[in-house]
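Q: This is a predicted model, with the sequence first.
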Amino acid sequence: MSQPDTKFGEYGGQYVPEALMPAIEELTDAYERYVLGNEDGFVDEFEARIEDFGGRPTPLQRADQLSARYGVEIYLKREDLLHGGAHKLNNALGQVLLAKYMGKERIIAETGAGQHGTATAMAAAHLDMPCEIYMGRRDINRQRPNVFRMRLNGAEVTPVDVGRGTLKEAISETMRDWASTVETTHYVIGSIVGPAPFPAMVRDFHSVISEEIREQSIEKFGELPGAVVACAGGGSNTMGAFADLLEEDVSLYAVEAGGSSLSVDEEAGVAPHSASLSTGEEGVLHGARTKLLQDSHGQIMESHSVSSGLDYSGVGPELAHLVDEGRVTPAAVDDDAALEAFHRLSQEEGIIPALETAHAFGFLETVAGPDGDGSVELPETVVVNVSGRGDKDLEAVIEETDKRELENAPRMEVFDP
Amino acid sequence: MSQPDTKFGEYGGQYVPEALMPAIEELTDAYERYVLGNEDGFVDEFEARIEDFGGRPTPLQRADQLSARYGVEIYLKREDLLHGGAHKLNNALGQVLLAKYMGKERIIAETGAGQHGTATAMAAAHLDMPCEIYMGRRDINRQRPNVFRMRLNGAEVTPVDVGRGTLKEAISETMRDWASTVETTHYVIGSIVGPAPFPAMVRDFHSVISEEIREQSIEKFGELPGAVVACAGGGSNTMGAFADLLEEDVSLYAVEAGGSSLSVDEEAGVAPHSASLSTGEEGVLHGARTKLLQDSHGQIMESHSVSSGLDYSGVGPELAHLVDEGRVTPAAVDDDAALEAFHRLSQEEGIIPALETAHAFGFLETVAGPDGDGSVELPETVVVNVSGRGDKDLEAVIEETDKRELENAPRMEVFDP
Amino acid sequence: MTVTLADAFDEPAFVPYLAAGDPDFESSLSYVEALAAGGADVIELGLPFSEPIAEGPTIQQAIVRSLESGMTPERYFEFVEALEVDVPLVCMTYYNLIYQFGPEDTDPVRPFVERAAEVGIEGVVVPDLPAEEADRLGGYCDEYGLDLIFIVAPTTAGDRLDRMMERVSGYVYVQARLGVTGARSDLSDQTEETLARLEGHDVPKAVGFGISTGEHAEAVVAAGADGVIVGSALVDIVAEGHETGEETERTAGKLRSLAAELKAGALAGKERRPRPEGT
Amino acid sequence: MTVTLADAFDEPAFVPYLAAGDPDFESSLSYVEALAAGGADVIELGLPFSEPIAEGPTIQQAIVRSLESGMTPERYFEFVEALEVDVPLVCMTYYNLIYQFGPEDTDPVRPFVERAAEVGIEGVVVPDLPAEEADRLGGYCDEYGLDLIFIVAPTTAGDRLDRMMERVSGYVYVQARLGVTGARSDLSDQTEETLARLEGHDVPKAVGFGISTGEHAEAVVAAGADGVIVGSALVDIVAEGHETGEETERTAGKLRSLAAELKAGALAGKERRPRPEGT
Ligand SMILES: Cc1ncc(COP(=O)(O)O)c(C=O)c1O
Ligand SMILES: Cc1ncc(COP(=O)(O)O)c(C=O)c1O
């Protein structure tokens, strides 16, 4: 694990209410001691638990049909097989365990798609900690199965009615809770966002993904992959998949949600996409300076994506920095292309991906599919991070597919025989 | 892998229409050559694919809270982490791959809970084979998410309207399809039932579970467990968890669905349970002689369980034999106890089990819980096979929990905030 | 009964199937008797089992109707006793019913065969009992003088066919095509191939699965069959009568005339057969 | 403006907060003026940001109302220009609005501070800008003569507190308790502890978060505060007026009388203070 980064170039920092600063200092200290320093064997316990409870290592699997389609070797990093169905558990388990080492008594977290919430609820149940999850009302309605799962795991789920009721509002609300309860409570933030040390710490918990990609690639095809592709909401699965390969000759693609269009309705304060890396501008949101979607006054714009988990107006500061540096290439895949890729992976590889994940596959099709734009020449081997499975998205997919004429979708009326 | 058993004591055999016999001979031959003989490297390919695509090995995890509760070491064999969410993929992938080696062009299967159907649909998509799944109408309504998943994976799902519309009828219907299409089609049966060589072959594909339990137990606690507990519908996860330990000094418990009661309504031809091992009598069903639920005339009775996957009137012939021999101890856990165990595992260990799996945990509580009957003294270490995850059961659990007064259930109205 | 199974195939035979008790005990008696009146040479009388894995939807529904009207194995035997027909009867059922019949403390299978013999049944055909599993039933059939009829499928060949032919008695049920029972309108190539494989085996060959008209029957017999087995086409008449609330007699009349047509077809088929050389 | 921030705390000060433009530009002007008329010594005037992570639901809703009525940073400055009050104004907002203000090609932050100074704002308080990140803003504030006010939380102590005290000017905003803004009825122990930690630092201490009545104000001043900051209790009046469709003047009147009560409370608090020895 790496050094405690608080800034990434100009990005990052700690833009939080003063009341949170002591908690953040305490956390920074704990992060250094336990996570970076393996004090009291924290890292050993984390690694043992993420293996046994989480199911690591996840496989690196060759995708036979996609490899044939794109004419290069496509490998899938199967984070969808992690307990809970997404990469999110790496971080959630790490942070809940850290909270335990810090002597905290309660866990709070925000969630968008519900994946971070379910991961946190599972980790909290596993480690016997009370847990409360904030979730926007709209996301609650979009991701009901995940709400049920959190409740079943014993977590309280608190709806957030402010604003449009998505991830942005849930984060703000959780920060508010934390500001009143810092002494006993740890806030498990769900991506590489928020004030330092969160972005670095969350990345560290996820960097096992890229460490495994490294090992497994060498084992399976004798060298590092030519490229790694991952979807980016906040960017945690992205940074997890990239972290250990930053110094290597590997192309890194962060695929954002292009939503329905990359243009913006300033008047309404709404961006019909969530492409902060591709189109966002520097600003301060949720404790960090980063790229974000904002209007000309600096008000945060509401983002949009067919996938709740990418529906966020900001992005991790480290990822923003790596994009500015040219180390990571951002790309945007729109709702239609993501849905189409969702159906392709489901039918051709027998893996139903999360809608978030589908964006990463949409990128392959956009650049290298039969009607691809050829804008990127794929290298000989490409690893795609399958950040999560799509069980949570079934209803949304049916609804969204019904609205469109997707050539490769199964007939939906048969779904209700 | 073991020898091609066609009989287990008096049980087993091949009670099928003549039209199927050549297919069964062909299958027996293929089973011997490829599965037992590793011809053309079949076993190697199977093992590689079940690792990479399926996510094997699955962990053996200590359950901290349950261990404290029962005063013995409880370990969980995490088949719920297998791709698709249940042990079912071991068999489905094995058989679809075998069908491919046999030159078959089409896959059919029946499904009850939908777990075998989804596993088969996934395996068929992965191996690029057309696939049709028969499913009782009632099960379709009980397990909608799984119907969606099969359709998304490109499988046809054909409702079976005969009888009560559960697994029994779906199996009969799939056999009918197979009888017309044997030459091109392989029938991927979903448990250790049906005519030989299915029971032995399905067991062999699942026996990796007990092989891993053996290795992981030695690694984790230096010896074999004192007992292994698994739920039994047809019995595939059960035999998978037992197979490699039959010759060892390990107690083996097969937990069946006690439904609402173990008594029977002969008049209506309905058993309000699915406990064929505990209460069934010898007979012939779906191609094999085994223990089954039948009325005094030999008509098959409809079974019942809150969990579709255990809702079957028969049971694997090998398991029936092992029970007669005294090697395996059967137990029945009723709907209420299963639901209660479902909530316990979800809340206390952060694992939402399939309702089927919950029966195995209900057994622990029944014998060793605070109000346990003490009928079984648990040994120092107990492995419970977590045959699947409960995502597919969310709606059923809410409905069934609402009907009851379960002390440990989360308030359900909060589920719809 | 005066005619035996052995005699029944002296001329091309018409072998109808009905499920006993479909849709109820009394009507079913009339229907079976109508078939006899229409010219049946042998009657396959179904004893309904809850899991009829070899049947198509038509016969499956007949079985459901019969079970719902209270049919049980013992009632079935009473049914046979009540029948007034002078045609050999074959019991068609699934093995579990045979296995479970009788008091708990006797040898399984024996009570069934004994009772069947007692009521005058002359043969048994069990779709889910392949030759490999038939030793026990075969033994008791021998003991009580019943024929054990096997089904030969289009896929049955080589050693399996030979072994089966060693055990078979009465007649062989030649399955005209792969699949389950059900009326169809075409004649399958598979029929001729199967009949060809059976040439040289000295046992009557009755072809079934999908035969529904006199023309079909004629074609099958012309192709070398010694008899035609017809089930679903007849059950369809029963089902329609039941659904439309038709008078039993009217339905019986329809059965009788289809029976007559099928029997006539079978006879006509013999005329079209290439005469064996030297006859 | 004649009074400066430095003068405002000569006697126990009453520091009200309102969100500018809540619920609309014109009414909001009247409300702020009513506070001045009621005895405000300093006014914290909120410039609404879409993600007010430090605010409780009351102020959050005020911010939503203001944004919906079209408030922008430039309108805010126009609002300040339009205000007719003789009380020092402090701008309370979040850092992103300060950072984004002005044309793209200028140095971020400078245009905001410049414009704030131009309209006569005397101080800035930014809840999401801890001392660690405040160098840039602090620099421009110095340049343009604005005070940069920091919030001291109950959890702020030791080195952090010292570093903050080095930079602070105008006054410190003492957060009475953990949590977010919102009117509460009890006085927190945390207040006294925080005030105790601040003893010896020569800067006015204004206590806020949860103060809603004259009695509260009195208790806080008696405990050693140099001023009381009141937000949510005032915003509640605005919200109620808005929801019930009350006349602006009537709402303004209520604000004015609560302001007077709070100011009186603060003054009374001073009387209750233990007299420092030797005075
Ligand atoms: C499956 C999956 N992938 C990706 C994301 C996006 O998050 P991040 O960009 O932090 O990986 C989410 C968020 O919920 C998710 O559930
Ligand atoms: C999760 C799970 N466990 C257990 C079973 C029961 O099947 P078997 O007894 O064959 O393992 C099923 C069947 O669908 C299942 O889905």
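A: Great, that's in hand. Numbering: from 1, shown residues only, chains lettered A, B, ... in the order given. Ligands and ions are numbered 1, 2, ... in the order given.

Q: Can you tell me how far A:Gly41 is from A:Arg49?
A: 12 Å (Cβ to Cβ, to the nearest Å). For every residue, glycine as well, the C-beta is placed using N, CA and C.

Q: more crowded one of the two?
A: With neighbours defined as other Cβ atoms under 10 Å in any protein chain shown, A:Gly41 and A:Arg49 compare such that A:Arg49 has more, 22 against 12.

Q: In contact with the more buried one: list those residues for me.
A: By Cβ atoms under 8 Å, 6 or more residues apart in numbering or on different chains, A:Arg49 lies in contact with A:93, A:97, A:126.

Q: could I have the helix or strand hosting C:Asp162 exported to PDB, CA atoms only?
A: Under the criterion of DSSP states H and E, C:Asp162 resides in helix C:158-167. Taking Å, rounded to 0.1, in the frame of the first residue of the first chain, the C-alpha atoms of helix C:158-167 are listed here in PDB:
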ATOM      1  CA  GLY C 158     -28.000 -53.200 -32.200                       C
ATOM      2  CA  ASP C 159     -27.500 -55.100 -28.900                       C
ATOM      3  CA  ARG C 160     -30.300 -53.300 -27.100                       C
ATOM      4  CA  LEU C 161     -32.700 -54.300 -29.800                       C
ATOM      5  CA  ASP C 162     -31.600 -57.900 -29.700                       C
ATOM      6  CA  ARG C 163     -31.800 -58.100 -25.900                       C
ATOM      7  CA  MET C 164     -35.300 -56.700 -26.000                       C
ATOM      8  CA  MET C 165     -36.400 -59.100 -28.700                       C
ATOM      9  CA  GLU C 166     -35.400 -62.000 -26.600                       C
ATOM     10  CA  ARG C 167     -37.700 -60.900 -23.800                       C
END
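
Q: which residues sit against that helix?
A: So helix C:158-167 is contacted by B:21-22, B:25, C:131, C:134, C:138, C:148, C:150, C:152, C:156, C:172, C:197-198, C:201, C:203 (Cβ under 8 Å, 6+ apart).

Q: how close does the residue nearest to A:Thr174 when sequence neighbours are not counted get to A:His116?
A: Spatially, and ignoring its direct neighbours in sequence, A:Thr174 is nearest to A:Glu110 (4.1 Å; Cβ to Cβ, 6 or more residues apart in numbering or on different chains). Applying Cβ to Cβ, the value for A:Glu110 to A:His116 is 7 Å.

Q: list the residues that contact both of these two?
A: A:Gly190.

Q: And the strands in the stretch 101-250 of chain C?
A: In the stretch 101-250 of chain C, the strands defined using DSSP state E, counting those that start in this stretch lie at C:123-125, C:147-152, C:172-175, C:205-208, C:227-230.

Q: which stretch among the ones you listed comes nearest C:Tyr17?
A: With Cβ to Cβ as the measure, strand C:227-230 is the member of the strands of the stretch 101-250 of chain C nearest C:Tyr17 (6.4 Å).

Q: Return the list of helices and strands in contact with the closest one.
A: strand C:13-19, strand C:205-208, helix C:214-222, helix C:248-272 (3 or more Cβ pairs under 8 Å, 6 or more residues apart in numbering or on different chains; DSSP states H and E).

Q: A:Leu20 touches A:Arg176, doesn't it?
A: No. A:Leu20 lies out of contact with A:Arg176 (Cβ atoms under 8 Å); the separation is 10.2 Å.
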